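>>> A predicted structure for the sequence below; I have some questions about it.
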Amino acid sequence: MVWTTVQELAAAVEEPPRQYLVHEQDQGLLAADQMPEPIPLIDLSRLTADDEADKLRAALQTWGLFLIRTLPPRATQSDASAQLGVVTMAMKKHGDRPPPSARRCICMLKLLNSSCNCLTLHQHPAHDGDVLLEYASRTKRIRDLVFQSIAKILDLEEDYFLNQISNKDPGFARFNYYPPCPRPDLVLGMRPHSDGGLLTIVFVDHDVGGLQVERDGKWYNVPAKPYSLVINLADCMEIMCNGIFRSPVHRVVTNAEKERLSLAVFYAVDGETMLEPAPGLLDDRRPPRYGKFKAKDFGLSLD
Ligand SMILES: O=C(O)CCC(=O)C(=O)O
Ligand SMILES: [Fe+2]
């Protein structure tokens with residue numbers, strides 16, 4: 001029997017097929033540990049205040065991620081699954097190869113041991129009134145504000161990071177779909193990874209938990225709060241920050257009752273960008289932890 005989507009598979013089987021099971025040594029290790037301290041909720045409008053900037057600094061040093069509260073943007077008001085329809089229509093309008101249906105265009109995520117389906121958009125659809133376009137312009141503003149704040153916290157010129165990346169602006173959006181799983185103790189929704197680019201902004205539909213972050217070899221639940229977004233640093237930023245701030249390893253666990261949808265917007269650099277720790281962060285006591293290299297040579301770009 002060939003299953004076309006994880007949804008079909010999930011509906012048809014009681015036990016997950018072998019290829020989705022985590023390795024034996026990891027079984028029973030999908031539960032989260034007790035948090036040493038909460039992952040902070042940052043108020044982006046207060047980042048000029050010292051206490052909020054300190055909170056952000058601490059979050060990026062320890063967790064590599066934080067939450068922000070957002071006004072309910074249109075893309076978060078409605079069900080993210082409805083967005084799949086919007087996106088499909090947008091792709092048709094733009095003459096990309098039209099997927100036959102939103103359902104069919106959900107393709108298997110090519111990650112071993114991962115039960116998630118995803119739909120990746122390499123270009124933001126761009127016609128007026130597009131809900132995703134509006135959302136993308138919000139996330140871009142968030143990205144810029146976060147980059148400027150990080151530069152300030154590190155005593156770099158405010159636009160240091162923006163200047164490194166503003167020549168081209170690769171970003172893409174990915175919808176992830178995780179069906180309910182009868183054996184959440186044995187199946188991962190998404191295997192452990194860090195994101196390769198600069199920064200990722202994740203919206204989780206209906207606040208269904210599942211995202212976990214690793215810290216000092218332990219796994220912790222990232223809380224799913226209403227009207228909040230999760231922001232995590234990615235590998236290129238860790239390099240530019242000379243490792244002062246972390247690109248966290250994270251994964252998604254499944255649950256037996258609820259399906260889960262997330263929308264991740266990834267910001268990265270183009271392949272020609274030379275990556276290196278910001279010179280302003282280096283001195284005799286703080287040598288570079290990373291060399292200088294082209295993003296594409298390490299697969300850290302989106303092109
Ligand atoms: O679904 C999530 O919460 C996170 C997804 C993720 O880590 C990714 O798409 O890289
Ligand atoms: Fe990720």
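Structure received. Numbers count the residues shown, from 1 in each chain. Ligands and ions are numbered 1, 2, ... in the order given.
>>> Ala69: neighbour count?
Just to correct that, residue 69 is Arg rather than Ala. Using other Cβ atoms under 10 Å, Arg69 has 14 other residues around it. Bear in mind the C-beta positions are built from the backbone N, C-alpha and C, glycine included.
>>> Next, give phi and psi for the nearest residue to it once chain neighbours are set aside.
Nearest non-adjacent residue to Arg69, counting by Cβ to Cβ, 6 or more residues apart in numbering: Ser228, 5.4 Å away. Here is the backbone geometry of Ser228 (degrees, to the nearest 10): phi -130, psi 160.
>>> The one 10 residues further on now?
Dihedral angles phi and psi of Glu238 (degrees, to the nearest 10) take the values phi -60, psi -40.
>>> okay, now it: neighbour count?
By other Cβ under 10 Å, neighbour count at Glu238 equals 22.
>>> Which residue is it, in the stretch 151-300 of the chain, that comes closest to ligand 1?
Of all residues in the stretch 151-300 of the chain, the one sitting closest to ligand 1 is Ser262 (3.3 Å; Cβ to the nearest ligand atom).
>>> thought that residue was touching His206?
No. Using Cβ atoms under 8 Å, Ser262 is not in contact with His206, being 10.3 Å away.
>>> so Lys225 touches Pro38, yeah?
No. Contact criterion Cβ under 8 Å: Lys225 and Pro38 do not qualify, at 10.8 Å.
>>> quick one, which of the two is more surrounded?
Lys225 (14 against 11).
>>> next one: the helix or strand that contains Ala173 to chain centre, how far?
Per DSSP states H and E, Ala173 falls inside strand 171-178. Offset of strand 171-178 from its chain centre (Cα atoms, centre = their mean, to the nearest Å): 8 Å.
>>> Pull the distance from the helix or strand just after it to the chain's centre.
With elements assigned by DSSP H and E, the helix or strand that comes after strand 171-178 is strand 188-193. Taking Cα atoms, centre = their mean, one finds strand 188-193 lying 12 Å from the centre of the chain it belongs to.
>>> what about Gly171, neighbour count?
By other Cβ under 10 Å, neighbour count at Gly171 equals 22.
>>> Equivalent analysis for Val230, please.
Neighbourhood size, Val230 [other Cβ under 10 Å]: 23.
>>> Under a three-state scheme, what state does it occupy?
Assigned by DSSP: H, G, I helix; E, B strand; the rest coil, the conformation of Val230 is strand.
>>> Not counting its neighbours along the chain, what's nearest Lys296?
In space, and not counting its chain neighbours, Lys296 is closest to Gly271: 3.1 Å by Cβ to Cβ, 6+ apart.
>>> quick one, phi/psi of that neighbour?
Residue torsions, per degrees, to the nearest 10, at Gly271 are phi -60, psi -30.
>>> And the residue nearest the centre of this structure?
Residue closest to the mean C-alpha point of the chain, counted by Cα atoms, centre = their mean, is Thr200 at 4.0 Å.
>>> list the contacts for that residue?
Thr200 makes contact with 231-232, 234, 264-267, according to Cβ atoms under 8 Å, 6 or more residues apart in numbering.
>>> Brilliant, that's me finished.
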